[in-house]
Each structure stands twice: as C-alpha cells, then as structure tokens.
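1. Give me the fold of what follows.
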Amino acid sequence: MNIPKTHPRYTSLKIRERLVKGIELGITSMDGLIAHGRGEAFDYLLGEKTRRFAKEAITGAASLLLLAKHPVISVNGNTAALVTDELIALSEVLSAPLEVNVFHASKEREKKIAAYLKAQGAKVVLLPDATCTILYLDSNRKYVHKDGIYKADLVFVPLEDGDRAEALIKNGKKVITIDLNPLSRTAKTATVTIVDNITRVLPLLLKSIKIESKKKKTVLERVWKEYDNKRVLREAIRWIK
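-> Have a look, this model is predicted:
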C-alpha cells in the first residue's frame, strides 16, 4: 500500500499493513485481524498516544523483568508481525528466550513464526512441546517448552488471552501484558498491565530497561514494591471514560 504520510490514519494503516503481510507470510491468523480491530478501537479512545499510566506501567515492567531469574517472552502471530525487531532486541537485552504460543492449533504456523523470527536475527526461539503442559488451561496454549514458559518465573505475554493469563498466575508465575482494553480479563489478571499500543510500548520498554538496568537491585525492588497495577488500571479507565 502506498499510504501518504499526511494521511490522518497513516500509523494505524501501516500497522494493519504489517498484519496483512503477516497473513501472507503464514505467521498471522485471520482471527488475529479481528483481535487487532478490537484493540484499535480502544487506541482511538486513548488518542493513539502513550499516557502517563502506561509509562508508569512500563517502568514497573522494566524493573520486574530485570529482577526476574528466568523471564520468557511469549510470541503469537500478531506480535511477530508487528514488533519483530523489538521482540528480538528485548530477548537479547534480557537474555530471555522467545517462545511461540498460539491459540489456534497449527504446528505449521508455529514453525513459520519461529523460522521468521530466526531469519530476522533471533537467537533462541522455543516451540511448544506436546508432552509439556501448564495446569488450569485446556486450549492449545497449554502446551509449552520445558526450558521456557514451563520453568519461567515471569512471562511477558503481550496481546494475551485472558484464560492463559489466569492459568499462568495460578501456576505461580508473574505476568506482564500489553492490553489496550483495561477492562479485559487479561488486564485485570496480569501482574503488570501496560494499557497502550504494542508498537509504541516495545521501544519505550527497551529504553526503560536500559535506564533501570543501571540501578542497584535494592532500588529496583523498591520501584517494584511501590508499583500498584490496580491503580494504574483505574487511571486508564478514568481516561477512557
């Protein structure tokens, strides 16, 4: 698509273009387009800008990621298409593996996502194992890698399903998510919820991690202790109203 930068919906249309490209590559599902459209509506309500409550959540997420002993980054079709380079950069800076996890069962698509990420420079990309599952979940997303999500103490799950977010918490893991809908089950369940567009969040999160990584562990622990996800969600809801 030849979209002029003067178009009022330029950024939004470019994001849609990436998802369509993802479908052509076989990494994004048609259902992912519906999910994106739902989130896009909430982004309009945010004025398509990163608000103060999102920035606070990003700082909280950065401190928690740096404190984690075994963080894992969960990747589905939409995230692979939208923030490929940023996911790879996040994986490298945290020494955290990327793990493919999709709702609609498709070994072919899982392998295509992994191959796509590796082709773009990802070093460690794990695939779910049919012999390894997490508890409290019946969908395809219960299958995980034994060296990834299964043993993770923290899972970064942008654009997440509410049932898996709940299951991960019940399995004793902390969960960081990005969700444009502060009223969703995922948003209310996660340990840290960043209410913003993933394409804006990832660059800011990488910058925040770079800043927070220079601080002592005791300072990071204090930042995390003072973070209040319920308050952040209340502020996001007030903004939208």
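2. which of the residues in the lowest-mean-pLDDT helix or strand in the chain are buried?
-> None of the helices or strands of the chain scores lower by mean pLDDT, DSSP states H and E than helix 30-45, at a mean of 81. In terms of neighbour count (16 or more other Cβ atoms under 10 Å), helix 30-45 has its buried residues at 32, 33, 35, 36, 39, 42, 43. Bear in mind the C-beta positions are built from the backbone N, C-alpha and C, glycine included.
3. Take those and lay them out in JSON lines including distance to residue 76.
-> Formatted as JSON lines, the buried residues of helix 30-45 follow (distance: Cβ to Cβ, whole Å):
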{"residue": "32", "distance to residue 76": "8"}
{"residue": "33", "distance to residue 76": "13"}
{"residue": "35", "distance to residue 76": "9"}
{"residue": "36", "distance to residue 76": "11"}
{"residue": "39", "distance to residue 76": "13"}
{"residue": "42", "distance to residue 76": "18"}
{"residue": "43", "distance to residue 76": "18"}
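4. which of those residues lies closest to residue 7?
-> Closest to residue 7 out of these is residue 43 (16.4 Å), distances taken as Cβ to Cβ.
5. dump the residue contacts of the spatially most central residue of the chain.
-> The residue lying closest to the centre of the chain (Cα atoms, centre = their mean) is residue 158, at 1.7 Å. Applying Cβ atoms under 8 Å, 6 or more residues apart in numbering, we find residue 158 in contact with 74, 79, 83, 177, 178, 198, 201.
6. What are the buried residues along stretch 45-64?
-> In stretch 45-64, counting by 16+ other Cβ under 10 Å, buried: 46, 50-51, 53-64.
7. Pull the residues that contact that stretch.
-> If you take Cβ under 8 Å, 6+ apart as the criterion, stretch 45-64 is touched by 11-12, 154, 156, 174, 176, 180, 191-197, 200-201, 204-205, 208-209, 211-212, 220-221, 223-224, 227, 229, 232, 235-236, 239-240.
8. Low-confidence ranges, this structure, go.
-> Counting by pLDDT under 70, the chain has low-confidence residues at 1, 10.
9. the helices in it, which residues?
-> 10-25, 30-45, 52-67, 77-82, 84-94, 107-119, 162-170, 185-189, 198-212, 217-226, 229-240 (DSSP state H).
10. which secondary structure elements does the last one contact?
-> Contact analysis of helix 229-240 by 3 or more Cβ pairs under 8 Å, 6 or more residues apart in numbering; DSSP states H and E lists helix 30-45, helix 52-67, strand 192-194 as its packing neighbours.
11. ok, now the first one?
-> In terms of contact count using 3+ Cβ pairs under 8 Å, 6+ apart, helix 10-25 is assigned the packing partners helix 30-45, helix 77-82.
12. One more pass at 10 Å, please.
-> When contacts are defined as 3 or more Cβ pairs under 10 Å, 6 or more residues apart in numbering; DSSP states H and E, helix 10-25 sits against helix 30-45, helix 77-82, helix 107-119, helix 198-212.
13. Dump those helices to a markdown table, plus distance to residue 90.
-> Below are the helices and strands packed on helix 10-25 laid out as a markdown table (distance: least, Cβ to Cβ, whole Å):
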| stretch | distance to residue 90 |
| --- | --- |
| helix 30-45 | 20 |
| helix 77-82 | 11 |
| helix 107-119 | 12 |
| helix 198-212 | 6 |
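14. May I see the buried residues of stretch 65-82?
-> So, applying 16+ other Cβ under 10 Å, buried residues of stretch 65-82: 65-68, 70-82.
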